[in-house]
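Asks: Sharing a model prediction with you, sequence too.
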Amino acid sequence: MPAVAIPGRYAATVTQAQFGQSPKTGTPFLELGLETEEGEHISAWLYLSEKAFENTTRRLQEAFGFDGDYETAPEQIRGKPCSITVEEEESDDGKRRLRVAWVNPPRAAKPLEEGFLARLSAKARTLGLAAPSVAPDNSPNCPF
């Protein structure tokens, strides 16, 4: 199982969700194990300090429909799709590493407004970009 190799946006699924606490600072967190559509793996840490709590809770609600019950959070989140943004950062020891900077709802295309495609077609005709209509050849000699 390869790890995410380059920064970017990825469609991903939560494969694991577990709580933990930073050994250095004691800050509680929710760790998400993520698998991208490409089969790559990366973890995200959503911190639960006083300062980060509200943002983390909102992020979980927006991305996964989380109901606010942290006792059942792993079960609510595991197996759900999301969109992640991976960025490169420098670690404490000066090395470069990748981290999940954002966990968002899955990316979905917004529906086009009604009549948009008709307007595009009219524009193509106006600009002379539309091919002239050709009646299908229904003769018995047509190979299609």
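Replies: Now that the structure is in, tell me what you want to look at.

Asks: strand partners of the lengthiest strand in the chain, parallel vs antiparallel please.
Replies: Scanning the chain for the strand with the most residues, using DSSP state E, yields strand 8-21. Strands adjacent to strand 8-21 in the sheet, as given by DSSP bridges, are strand 28-36 (antiparallel), strand 81-90 (antiparallel).

Asks: so after the last one, what's the next helix or strand?
Replies: If you walk from strand 81-90 toward the C-terminus, the next helix or strand you reach (DSSP states H and E) is strand 96-104.

Asks: how big is the angle separating that next one from strand 28-36?
Replies: Angle of strand 96-104 versus strand 28-36, following axes from the mean of the first three to the mean of the last three C-alpha atoms, to 10 degrees, is 90 degrees.

Asks: name the helices or strands packed onto strand 96-104?
Replies: Applying 3 or more C-beta pairs under 8 Å, 6 or more residues apart in numbering; DSSP states H and E, one finds that strand 96-104 contacts strand 28-36, strand 41-47, helix 53-64, strand 81-90. Backbone N, C-alpha and C define where each C-beta goes, glycine included.

Asks: Could you tell me which residues within the second one count as buried?
Replies: The one in question is strand 41-47. 42, 44, 46 (16 or more other C-beta atoms under 10 Å).

Asks: Sweet, I'm off.
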